[in-house]
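Enquirer: mind folding the following:
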Amino acid sequence: MVPARYQFVDYDARRDPKTDRWCCKCQKDLMPGQPHRHVYLAAEMCAVHPEDIAERGPQPDDYGWHLLGMDCAKKLGLEWSTDIEPKA
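Expert: Reported below is the predicted structural model:
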């Protein structure tokens, strides 16, 4: 079993999102229809590489799936997110 790959999502926790659709990195609201990605967050706001999620499995302290705006997804690296809507 190969250990899962993680990358810190250098998030900005100062903003106060106005809607329930916001980027987990910059916390700016995402308008309906605005391009976005999905990222799985483990503890300490670390993204889990999509190829490692199934083998790693959910952990009790994970944050789970969150939205990520396209600009932030590019900064993190598109390979750390997915454009497929997760099933929870």
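Enquirer: measure the closest residue to residue 49 other than its chain neighbours to residue 50 for me?
Expert: Closest residue to residue 49 apart from its sequence neighbours, by C-beta to C-beta, 6 or more residues apart in numbering: residue 5 at 4.0 Å. Backbone N, C-alpha and C define where each C-beta goes, glycine included. Note on residue 5: its distance to residue 50, by C-beta to C-beta, to the nearest Å, is 10 Å.
Enquirer: name the helix or strand for the residue positioned nearest the centre of the chain, please.
Expert: Nearest to the mean C-alpha position of the chain, by C-alpha atoms, centre = their mean, lies residue 39 at 2.6 Å. Residue 39 belongs to strand 36-42 when assigned by DSSP states H and E.
Enquirer: same check, this time on residue 24
Expert: Applying DSSP H and E, one finds residue 24 in no helix or strand.
Enquirer: for it, which residues are in contact?
Expert: 9, 11, 39, 41, 45, 63, 66-68 (C-beta atoms under 8 Å, 6 or more residues apart in numbering).
Enquirer: closest one of these to residue 20?
Expert: Nearest to residue 20 out of these is residue 67 (C-beta to C-beta; 9.6 Å).
Enquirer: phi, psi for that closest one please.
Expert: Torsion angles at residue 67 (phi, psi; degrees, to the nearest 10) stand at phi -80, psi 150.
Enquirer: find the nearest non-adjacent residue to it, please.
Expert: residue 36 (5.2 Å).
Enquirer: hmm, that neighbour is touching residue 29, no?
Expert: No. Look at residue 36 against residue 29 with C-beta atoms under 8 Å: they stay out of range, at 11.0 Å.
Enquirer: okay, those two: which has more neighbours?
Expert: Per other C-beta atoms under 10 Å, whichever of residue 36 and residue 29 has more neighbours is residue 36, with 19 against 14.
Enquirer: does that one have beta-bridge partners, and which?
Expert: residue 69 (DSSP bridges).
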